[in-house]
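Chemist: How does the following fold in three dimensions:
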Amino acid sequence: MTSDEQHIRELAYQIWQSEGCPEGRQERHWQMARELAEAESQAAMPEPRTRKPAAPRKSAARPVAAVGRAATETAAPAKAADAKKPRAQPPAS
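Modeler: Numbering: from 1, shown residues only. Alright, predicted model coming up:
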């Protein structure tokens, strides 16, 4: 006899005693004991871990439209000094 069968037998006996030792209800007590033992074994097992859905990732770069708009709003106008100057010509002789 396995330990599971022994446990079911003990549960069935406890159920039988709790009902006042009635005659002719062995099948019912055995079925109740089997269901109780199964519920106990299910409760003893840890629940499988489920993954949480991934949160949307924030991109380091801003969208193109926002970059273009932000650049035009905050950028200073180009200075004339930044433009390339023509080379000086040697003096004419």
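
Chemist: Might you list the low-confidence residue ranges for this protein?
Modeler: 59-83, 93 (pLDDT under 70).

Chemist: Any idea which residue is closest to the centre of it?
Modeler: residue 52 (1.2 Å; Cα atoms, centre = their mean).

Chemist: What distance do you get for that one to residue 41?
Modeler: Plainly put, residue 52 is 28 Å away from residue 41 if you go by Cβ to Cβ, to the nearest Å. Glycine gets a C-beta too; all of them are placed from N, C-alpha and C.

Chemist: same deal with residue 15?
Modeler: From residue 15 to residue 41 the distance is 17 Å (Cβ to Cβ).

Chemist: now do residue 47
Modeler: The value you get for residue 47 to residue 41, if Cβ to Cβ is used, is 14 Å.

Chemist: higher neighbour count, the two?
Modeler: Higher neighbour count among residue 47 and residue 41: residue 41, with 11 against 5, using other Cβ atoms under 10 Å.

Chemist: Give me the residues contacting the helix or strand where the more buried one lies.
Modeler: Following DSSP states H and E, one finds residue 41 within helix 26-44. Under the contact criterion Cβ atoms under 8 Å, 6 or more residues apart in numbering, helix 26-44 has outside partners 4, 7, 8, 9, 10, 11, 12, 15, 16, 19.
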